[in-house]
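Colleague: Below: sequence and its predicted model.
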Amino acid sequence: MTPKNSFTYPLTPAQQKTLGRILRDGNYLPITVPHTVVAVEADRCNVSLYKSGKCLIQGKGAEDFVTFVLEPLVLQSVGLGYEDVLNPEISQPHFGVDESGKGDFFGPLVIAAAYVDASLVEPMRKLDVKDSKKITSDKKALGLGRELRKLLGPRQTLVKIGPQAYNRLYAKMRNVNTLLAWGHARAIENMLDVLPDCPRAVADQFGNERLIKNALMKKGRAIKLEQRHRAESDLAVAAASILAREAFLVSLLQMGKQYEIEIPKGASAAVQDVAVELARKRGPEILLQTVKCHFKTTDTVLNKIGSARSALGPEGQAVSAPPKGRGAYRRG
């Protein structure tokens, strides 16, 4: 395994205080780095603690510093170099499934599945594959998604439910988690068409665990399905989250070009304003083609243009119940 020479960690105030004390009191050579609280030259690496709370370790000895100093003394957890020991299943063949767009008013719901085995673990780590919600830049998410698709080739799949199909399905199912489980099941079955002998699939637990199992067809019911809270810590699920987010972002960009307006993420007041502008220009029916109509945001938009849900027809009538607990909407 080729050593990694650069690591970045966001630290809590307590962790920053601990690391600052270690760097100042330890046998390290102080160096000057702009915007840092303290920076030193350690054994074959430089360590910089920035005012933002970010810690940057760079150099040939970076892995050793993380393994023997940062993890045990500051983070008080083990990760680097121990993933395969602590969690041997990480490199065993399996699918990961995750979604994007569930909490966004505009755009599709995208469910992705990705495959991981021992041959893919290290290449994915080199790409810095992680839960897409930890990737703050859309540009980075788009670039990482492209690289991941090249790496995986056919060992991936997307189930993209565009707004029109989403509104039609929600009008029948009347439940986001049921719809989401249907999409997860289709993604797993699509992967089994390519890799029929894969023994296991991992997904986030977003509702009753029976939802996905019940949505699986005969082919998918033979696979071992693991549903976990915070499943994005699994490498395959993290990869799926990136693929789903890339596809979702691309869809928003394409929608923006089609309607000549910038389409934002989320469900904020700014998102409402864009929906109002679009509905005024093209009529309330445009909402069926561009947004998830069961969101209460739809009522706000319709009120602002002096219209009602009846203008949307039967597929626009269904309204979501107030979100509860872990089934509440979140942006993917």
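Modeller: It's in. Residues are numbered from 1 along each chain as shown.

Colleague: average pLDDT for stretch 168-178?
Modeller: Across stretch 168-178, pLDDT averages out at 91.

Colleague: in it, what counts as buried?
Modeller: 169-171, 175-178 (16 or more other C-beta atoms under 10 Å). Any C-beta I mention is one placed from the backbone N, CA and C, and that applies to glycine too.

Colleague: for these, which one is nearest Val276?
Modeller: Tyr170 (21.7 Å; C-beta to C-beta).

Colleague: pretty sure that closest one belongs to a strand, no?
Modeller: No - assigned with DSSP: H, G, I helix; E, B strand; the rest coil, Tyr170 falls outside any strand and is helix.

Colleague: related to what we said a few turns ago, now, among the buried residues of stretch 168-178, which is nearest to Ser251?
Modeller: Leu169 (16.7 Å).

Colleague: quick one on the thing from earlier: quick check: the two most widely separated of the buried residues of stretch 168-178?
Modeller: Ala171 and Asn177 (15.8 Å).

Colleague: Which helix or strand lies directly C-terminal to the worst-scoring helix or strand of the chain on mean pLDDT?
Modeller: Sorted by mean pLDDT, DSSP states H and E, the helices and strands of the chain end with helix 83-86, the least confident at a mean of 46. Next helix or strand after helix 83-86 toward the C-terminus (DSSP states H and E): strand 94-100.

Colleague: Report the distance from the next helix or strand after that following strand to the chain centre.
Modeller: Downstream of strand 94-100, the first helix or strand assigned by DSSP H and E is strand 109-116. Taking C-alpha atoms, centre = their mean, to the nearest Å, one finds strand 109-116 lying 10 Å from the centre of the chain it belongs to.

Colleague: just the angle between strand 109-116 and strand 94-100, please?
Modeller: Here strand 109-116 points in a direction 160 degrees away from that of strand 94-100 (axes from the mean of the first three to the mean of the last three C-alpha atoms, to 10 degrees).

Colleague: Heading C-terminal from strand 109-116, find the next helix or strand.
Modeller: Next along from strand 109-116, by DSSP H and E: helix 118-126.

Colleague: Only alpha carbons, please: show that following helix as PDB.
Modeller: What follows is helix 118-126, C-alpha atoms only, in PDB (Å, rounded to 0.1, in the frame of the first residue of the first chain):
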ATOM      1  CA  ALA A 118     -10.500  -5.900  -2.200                       C
ATOM      2  CA  SER A 119      -9.300  -4.700  -5.600                       C
ATOM      3  CA  LEU A 120     -11.200  -1.400  -5.300                       C
ATOM      4  CA  VAL A 121     -10.600  -0.400  -1.700                       C
ATOM      5  CA  GLU A 122      -7.200   1.200  -2.200                       C
ATOM      6  CA  PRO A 123      -8.100   3.000  -5.500                       C
ATOM      7  CA  MET A 124     -11.200   4.400  -3.800                       C
ATOM      8  CA  ARG A 125      -9.100   5.600  -0.800                       C
ATOM      9  CA  LYS A 126      -6.700   7.300  -3.200                       C
END
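
Colleague: mean confidence score for that helix?
Modeller: Helix 118-126 comes out at a mean pLDDT of 87.

Colleague: angle of that helix against strand 109-116?
Modeller: 120 degrees.

Colleague: What are the buried residues along helix 118-126?
Modeller: 120-121, 124.

Colleague: Nearest to Asp104, out of these: which one, please.
Modeller: Met124 (26.0 Å).

Colleague: The closest one reaches Val237, doesn't it?
Modeller: No - using C-beta atoms under 8 Å, Met124 makes no contact with Val237, being 11.7 Å away.

Colleague: quick one on the thing from earlier: with distance to Asn27 added, can I get the buried residues of stretch 168-178 in JSON lines?
Modeller: Formatted as JSON lines, the buried residues of stretch 168-178 follow (distance: C-beta to C-beta, whole Å):
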{"residue": "Leu169", "distance to Asn27": "63"}
{"residue": "Tyr170", "distance to Asn27": "62"}
{"residue": "Ala171", "distance to Asn27": "67"}
{"residue": "Asn175", "distance to Asn27": "60"}
{"residue": "Val176", "distance to Asn27": "56"}
{"residue": "Asn177", "distance to Asn27": "55"}
{"residue": "Thr178", "distance to Asn27": "60"}
